[in-house]
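*Asks:* what follows is a predicted protein model with its sequence.
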Amino acid sequence: MRLGGFLGRAETVRADTHADTLTRMNNPGVLSFKSFRRLWIALSLSSLGDWLGVLALTALARELTSGYAAQSYAIGAVLIAWLLPGLLLGPVAGAIAERLDRRLTMAVADLARFGLLVSVPIVGRLGWLLAATVLTACCALFWTPAQESLRSGLVPPARLDQARRYTLLAAYGSAPAAAVVFALTALVANMVMPGSDLALYVTAAVFLLSAVVVLSLRDLPRGERRRISVPSTPGTVADGWKFVGSAPVGRGLVVGTVGALAACGVVLGVARMYVEALGGGDAGYGTVFGAVFAGAGFGLFLGPRMLDGFSRRRLFGLAVVSAAFVLVLAALIQNLVAVVVLAALLGAAAGVAGATGRELVEREVREDFRPRTHAFVIALVRVVLVLVLAVAPLAAGALGQHEAAVGDVHYGFDGANGVLLIGAVIALLTGLGAYRQMDDRRAIPLSRDLYGALTGVPYVPPAPVKDRGLFIAFEGGEGAGKTTQSRLLAIWLRDHGFDVVTTREPGATKVGMRLRAILLDRETTALSYRAESLLYAADRAQHVDAVVRPALDRGAVVITDRYVDSNLAYQGYGRELPVAEIDEVNMWATAGLRPDLTVLLDVPPSLGLNRFASPADRIESEPAEFHDRVRRGFRALAEAEPHRYLVLDASQDQAVITRHIQDRVQRILPDPVPASTEDITSTFPAITDA
Ligand SMILES: Nc1ncnc2c1ncn2[C@@H]1O[C@H](COP(=O)(O)OP(=O)(O)OP(=O)(O)O)[C@@H](O)[C@H]1O
Ligand SMILES: Cc1cn([C@H]2C[C@H](O)[C@@H](COP(=O)(O)O)O2)c(=O)[nH]c1=O
């Protein structure tokens with residue numbers, strides 16, 4: 001019997017493996033498309049060259065100047081020359097590239113970069129180094145959009161998303177690789193060719209190789225070419241702020257992103273000078289640079305998997321604040337090994353912030369606004385990085401070198417250290433600002449919240465204070481069993497001597513009943529989604545004012561069948577209106593009243609809807625995808641605040657569900673109210689004259 005079971009399982013595994021192979025054969029990975037693979041190799045080489053170039057050019061700029069201030073200024077100038085063209089000239093270069101042959105454009109841009117980089121050590125002057133940096137950056141402005149336009153024609157539309165992910169990997173994964181190559185080159189150079197010239201020759205060779213790969217691209221699609229349109233970075237920032245900045249989450253994201261970038265930017269900006277002061281040379285510089293990017297990669301991977309159940313909004317602010325503390329240590333501990341480790345930690349904190357920020361956008365921004373939001377964040381990253389990378393070395397130069405002596409102990413405190421501390425202060429203030437803006441668990445102390453997430457036992461706030469009752473909401477899709485379970489809970493609580501008010505939304509007041517009729521009548525047509533959302537919120541405002549608050553004020557347990565979460569799930573996720581905005585409207589409508597506990601009865605819509613015999617109302621008759629989105633919405637809301645929810649599988653037996661609910665409610669019950677108040681205990685539904 002057991003053996004049979006085992007063989008059966010082994011067979012299933014074999015069948016699955018076979019199915020996987022078949023799927024892979026029918027659905028090959030994007031790198032199996034030969035032309036795309038070559039383009040991807042060219043992109044990896046070109047990105048490697050870009051990162052190597054900035055390391056080699058800044059290192060050589062330092063060598064071509066003397067004195068702490070002059071060297072800092074030279075490095076700052078190279079970084080500005082490297083970044084500014086992208087900020088200002090992107091749309092112009094895109095418009096020119098639009099008219100040119102894509103493959104030829106890329107090859108010529110690579111060959112031009114090869115020539116420019118070879119010329120820099122030969123000429124050996126700072127002025128030409130800066131001019132060559134600007135021209136090299138301009139070549140990238142033609143190369144990148146031409147590559148993007150080619151890419152979209154090399155893979156089937158269904159694979160574009162995967163192709164985009166590979167492209168991102170090549171573009172950013174090449175940064176730590178460049179740091180390793182740079183550090184190794186520096187070690188070799190110490191033996192054969194002192195100085196930073198060798199790194200520049202290696203960079204030039206990488207671009208030459210990229211040109212060869214580009215020229216080897218064959219079988220490019222004929223016919224209509226994909227359009228190239230490069231949006232202006234300052235324009236995207238200004239436009240994006242108008243809508244991203246209007247909600248607290250948006251403002252928090254922007255403020256926090258600025259802080260995380262300030263932290264990483266100052267390290268990259270002053271790394272060369274700081275490492276020199278610690279006796280590290282080019283190899284040390286490459287290592288610090290690589291550590292920041294390797295840490296960031298790790299943080300991006302770790303972010304979504306970290307502290308499951310902990311508020312993402314809190315995590316975002318915390319990650320930025322942690323970056324600030326790491327930066328303080330990096331500024332004060334003047335030891336190269338420690339600085340490398342701290343650089344990796346800093347990158348990891350920024351990576352966690354980046355991944356969490358992305359998760360927040362996915363979760364809280366309406367689907368059709370997401371591309372605009374992502375474009376805005378990317379543009380913001382560019383602008384802030386240019387500013388920080390430009391200003392940091394200049395500020396370090398202006399601060400100069402200082403030394404404090406206490407007895408025989410000498411402590412050097414250079415401009416680089418000062419700038420790192422300034423960066424830390426900016427990151428700390430912005431991190432705290434983002435945390436405050438976005439905090440969605442104000443009532444819960446952070447330490448308990450963190451402890452709960454770390455131990456996997458979410459923190460449940462203590463029972464409400466005596467002068468206020470208990471507020472419990474039942475939420476879930478159609479036919480989940482909310483009415484059934486709320487009645488059973490009310491009966492159980494009354495049996496235990498509690499003053500209980502059962503109520504529901506919409507329609508617990510006279511005004512609410514009219515609104516319910518409008519909202520659920522199938523004759524109501526052409527009701528705009530926003531109007532629908534506001535009508536539900538209006539019903540709620542009346543409900544809270546006339547039923548819920550008075551009952552809570554007298555110390556009753558109020559059980560409502562649907563509340564704010566229904567608005568967020570149905571109108572936010574179902575109708576795809578901005579969830580954060582609906583939340584704000586509800587905050588206002590209810591004067592901030594939130595349930596002490598929300599019981600989410602989770603059921604597949606097909607099962608819940610089948611539980612009814614009566615004809616479907618206006619909302620129930622929405623298509624299956626709508627109800628699927630609503631279900632996902634409820635679950636996302638519960639995941640974001642697990643301490644406030646009890647999520648139950650509502651396809652289980654009724655009695656099992658009831659027991660789970662009683663167990664949880666028991667933990668938060670206040671003392672029963674005196675029997676004298678029971679004469680005002682209402683029954684379901686609570687319809688008032690209001
Ligand atoms: N766990 C369960 N298993 C099977 N049937 C159930 C279960 N819970 C409730 N039902 C039945 O499903 C139907 C709908 O239940 P109920 O009215 O409580 O759901 P609801 O969530 O309040 O629905 P609505 O979407 O109208 O608010 C009722 O006939 C009820 O008896
Ligand atoms: C509160 C609230 C409700 N809805 C929807 C959900 C249901 O389809 C109906 C209410 O019917 P029920 O039988 O009383 O469950 O209204 C909504 O879309 N938005 C809301 O805020």
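*Replies:* Done, it's in. Ligands and ions are numbered 1, 2, ... in the order given.

*Asks:* any idea of the pLDDT on Val465?
*Replies:* The score at Val465 is 48. That number is its pLDDT.

*Asks:* wait, I meant Ala238
*Replies:* So, for Ala238, pLDDT stands at 76.

*Asks:* who's in contact with it?
*Replies:* Contacts for Ala238 were tallied using Cβ atoms under 8 Å, 6 or more residues apart in numbering; there are none. Quick note: C-beta positions are derived from backbone N, CA and C, even for glycine.

*Asks:* just give the nearest non-adjacent residue to Leu493, would you?
*Replies:* Val500 (4.8 Å; Cβ to Cβ, 6 or more residues apart in numbering).

*Asks:* so that neighbour makes contact with Thr560?
*Replies:* No: judged on Cβ atoms under 8 Å, Val500 makes no contact with Thr560 at a distance of 11.5 Å.

*Asks:* low-scoring stretches of the stretch 551-690 of the chain, by residue?
*Replies:* 671-690 (pLDDT under 70).

*Asks:* how many neighbours does the residue of it found nearest ligand 1 have?
*Replies:* Using Cβ to the nearest ligand atom, the single residue of the stretch 551-690 of the chain nearest to ligand 1 is Arg611, 3.5 Å away. Neighbours of Arg611 under the rule other Cβ atoms under 10 Å: 13.

*Asks:* quick check: domain ranges of this protein?
*Replies:* Following automatic domain parsing, one gets these domains for the chain: 30-220, 241-282+289-459, 470-680.

*Asks:* list the contacts for Ala137?
*Replies:* Ala81, Trp82, Leu83, Leu84, Pro85, Gly86.

*Asks:* mind checking pLDDT for it?
*Replies:* For Ala137, pLDDT reads 95.

*Asks:* tell me which element it falls in.
*Replies:* helix 126-154 (DSSP states H and E).

*Asks:* which other helices and strands contact whichever strand or helix holds Ile422?
*Replies:* For Ile422, the host element (DSSP H and E) is helix 415-438. In terms of contacts (3 or more Cβ pairs under 8 Å, 6 or more residues apart in numbering; DSSP states H and E), helix 415-438 is packed against helix 68-99, helix 248-277, helix 312-332, helix 370-399.

*Asks:* would you mark the buried spots in it?
*Replies:* Across helix 415-438, burial judged by 16 or more other Cβ atoms under 10 Å covers 415-424, 426-435, 437-438.

*Asks:* where's Glu478, which helix or strand?
*Replies:* With DSSP H and E as the test, Glu478 turns up in no helix or strand.

*Asks:* what sits against it?
*Replies:* Pro605, Gly608, Leu609, Phe612, Ile619, Glu620, His627.

*Asks:* change it to 10 Å
*Replies:* 603, 605, 607-612, 616-617, 619-620, 622, 627, 630-631 (Cβ atoms under 10 Å, 6 or more residues apart in numbering).

*Asks:* ramachandran angles for it?
*Replies:* The phi/psi pair for Glu478 (degrees, to the nearest 10) reads phi -60, psi 140.

*Asks:* same list (the contacts of Ala137) but as a markdown table, adding neighbour count.
*Replies:* Below are those laid out as a markdown table (neighbours: other Cβ atoms under 10 Å):
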| residue | neighbour count |
| --- | --- |
| Ala81 | 22 |
| Trp82 | 23 |
| Leu83 | 20 |
| Leu84 | 15 |
| Pro85 | 21 |
| Gly86 | 18 |
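
*Asks:* name the nearest of those residues relative to ligand 1.
*Replies:* Gly86 (53.1 Å).

*Asks:* re the thing from before, including distance to Val230, could the domains of the chain go into CSV?
*Replies:* As requested, the domains of the chain are exported to CSV (distance: least, Cβ to Cβ, whole Å):
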stretch, distance to Val230
domain 30-220, 3
domain 241-282+289-459, 11
domain 470-680, 28
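
*Asks:* ok, back up a step: list the contacts of the nearest residue to the residue of the stretch 551-690 of the chain closest to ligand 1 once chain neighbours are set aside.
*Replies:* Excluding the flanking residues, the one nearest Arg611 by Cβ to Cβ, 6+ apart is Gly479, at 3.8 Å. Neighbouring residues of Gly479 by Cβ under 10 Å, 6+ apart: Leu601, Val603, Pro605, Leu607, Gly608, Leu609, Asn610, Arg611, Phe612, Glu620, Ala650.

*Asks:* identify the residue of the stretch 401-550 of the chain closest to ligand 2, quick one.
*Replies:* Tyr536 (3.5 Å).

*Asks:* hang on, the earlier thing: so of the contacts of Ala137, which two are at opposite extremes in space?
*Replies:* Maximum pairwise distance among the contacts of Ala137 (Cβ to Cβ): 10.9 Å, between Ala81 and Gly86.

*Asks:* for this protein, what lies in contact range of ligand 1?
*Replies:* Gly476, Glu478, Gly479, Ala480, Gly481, Lys482, Thr483, Thr484, Arg611, Ala650, Gln654, Ile657 (Cβ under 6 Å from any ligand atom).

*Asks:* one more time with 8 Å
*Replies:* For the chain, the residues in contact with ligand 1 (Cβ under 8 Å from any ligand atom) are 474, 476-486, 504, 561-562, 601, 608, 611-613, 620, 650-654, 657.

*Asks:* and the residue positioned nearest the centre of the chain, how far is that from ligand 1?
*Replies:* Central residue of the chain (Cα atoms, centre = their mean): Arg358, 1.8 Å from the mean position. Distance, Arg358 to ligand 1, by Cβ to the nearest ligand atom, to the nearest Å: 34 Å.

*Asks:* and Ala107, by the same measure?
*Replies:* 63 Å.

*Asks:* same thing with Arg372?
*Replies:* Distance from Arg372 to ligand 1, by Cβ to the nearest ligand atom: 35 Å.

*Asks:* and if you look at Met191?
*Replies:* 76 Å.

*Asks:* go on, Met513?
*Replies:* 16 Å.

*Asks:* give the closest residue to that residue in space, chain neighbours not counted.
*Replies:* Gly507 (4.8 Å).

*Asks:* do I have it right that the one you found meets Leu520?
*Replies:* Yes: assessed by Cβ atoms under 10 Å, Gly507 is found in contact with Leu520 at 8.6 Å.

*Asks:* neighbour count winner among the two?
*Replies:* Gly507 (21 against 15).
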